[in-house]
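> Below are the sequence and a predicted model for it; my questions follow.
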Amino acid sequence: MRWERFFDDLEDQLAAEWEAERAALESEAERLRLARVDLRARLVGLARDAEAPLTIELADGLSVEVRISAVGADWVAAAENGGGRRLLLARIPAIRAVQASHDDLLRSARPVEHGDRLAERVTFALAMRDLARRRVGVAIGVPSHGDGSSGRVLTGTVDRVGGDHLDLALHDAGAPRRASEVRSYRMLPLSAIAWVRIDAAAGVPVV
């Protein structure tokens, strides 16, 4: 009986060691996988699985509660909570923090089997060209002096979009883009823009 117990104990120890080794390998593989996950992938996960609203903090100091509805190549589209029917288009490089529940953060780190290849090709510049084509009134958040502490909000209509910049005709929010309504014009590098806000009632589709 003692020998049988001895071999049983050895089998139990071996099984425990194998299980510990397997768990260690899985843990290391998970760490390596997470090391390759970028912010865009996490935002895609939040758009797909988040159960609660998120708070996004942007480079111009704006902090807004939203639900992410789509993720492009370098930007997100998010419906604002409590903002009527406003839609926020935020550049991913302008995101300074995302506040979410712990469960939603964990879900956003799950592997994604099949990414949206079309969405991955839709850049912020392409989204701005669509707004220019539709002549949609916008509000644009621009950080001041690049320090991220505060910023300006410019309202108007995007007239045209170049490779890395856009032309904005400034006029009052809600006013039509007429020569008599335009106060001045601005040429803005796309990299200087933190976010663009539009009225979802304008019927602008997102990716």
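Received the coordinates, thanks.

> going forward, measure contacts and count neighbours with C-alpha atoms only.
Fine.

> so where does residue 47 fall, helix or strand?
helix 39-49 (DSSP states H and E).

> Just the mean pLDDT for the helix or strand that that helix is followed by, thanks.
Elements were assigned by DSSP H and E; along the chain past helix 39-49, the next helix or strand is strand 54-58. The average pLDDT for strand 54-58 rounds to 96.

> going on from strand 54-58, what's the next piece of helix or strand?
Toward the C-terminus, strand 54-58 is succeeded by strand 63-71 as the next helix or strand (DSSP H and E).

> Mind listing the strands that next one pairs with, and their directions?
strand 54-58 (antiparallel), strand 75-80 (antiparallel) (DSSP bridges).

> which of those strands is buried the deepest?
strand 75-80 (a mean of 24; mean count of other C-alpha atoms under 10 Å).

> Show the subsequent helix or strand relative to that one.
Moving toward the C-terminus from strand 75-80, the first helix or strand encountered (DSSP H and E) is strand 86-91.

> Please list the outside residues in contact with the helix holding residue 47.
Helix 39-49 is contacted from outside by 67-71, 73-74, 92, 104-105, 107-110, 112, using C-alpha atoms under 8 Å, 6 or more residues apart in numbering.

> Against residue 171, how distant is the residue nearest to the spatial centre of the chain?
With distances taken as C-alpha atoms, centre = their mean, the chain has residue 76 as the residue nearest its mean C-alpha position (4.0 Å). Going from residue 76 to residue 171 by C-alpha to C-alpha, to the nearest Å gives 25 Å.

> Over to residue 73?
From residue 73 across to residue 171, the span is 29 Å (C-alpha to C-alpha).

> The helix holding residue 47 to strand 54-58, inter-axis angle?
With axes from the mean of the first three to the mean of the last three C-alpha atoms, to 10 degrees applied, the angle from helix 39-49 to strand 54-58 works out at 150 degrees.

> residues contacting the residue nearest to the centre of the chain?
Applying C-alpha under 8 Å, 6+ apart, the residues near residue 76 are 68-70, 88-92.

> hmm, 7 Å instead?
Residues in contact with residue 76 (C-alpha atoms under 7 Å, 6 or more residues apart in numbering) are 68, 70, 89-92.

> pLDDT, neighbour count and distance to residue 192 added to those residues, as TSV?
Listed next are the contacts of residue 76 as TSV, based on pLDDT from 0 to 100; neighbours: other C-alpha atoms under 10 Å; distance: C-alpha to C-alpha, whole Å:
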residue	pLDDT	neighbour count	distance to residue 192
68	94	24	22
70	92	19	22
89	96	25	14
90	97	24	12
91	97	25	10
92	97	20	12
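
> From the residues you listed, pick the one nearest residue 196.
Top of the list for closeness to residue 196, among the contacts of residue 76 and by C-alpha to C-alpha, is residue 89 at 5.1 Å.

> Leaving out the residues flanking it, which one is nearest to the closest one?
Excluding its sequence neighbours, the residue lying closest to residue 89 (C-alpha to C-alpha, 6 or more residues apart in numbering) is residue 77, at 4.6 Å.

> So the one you found versus residue 56, what's the distance?
Computed with C-alpha to C-alpha, the distance linking residue 77 and residue 56 is 12 Å.
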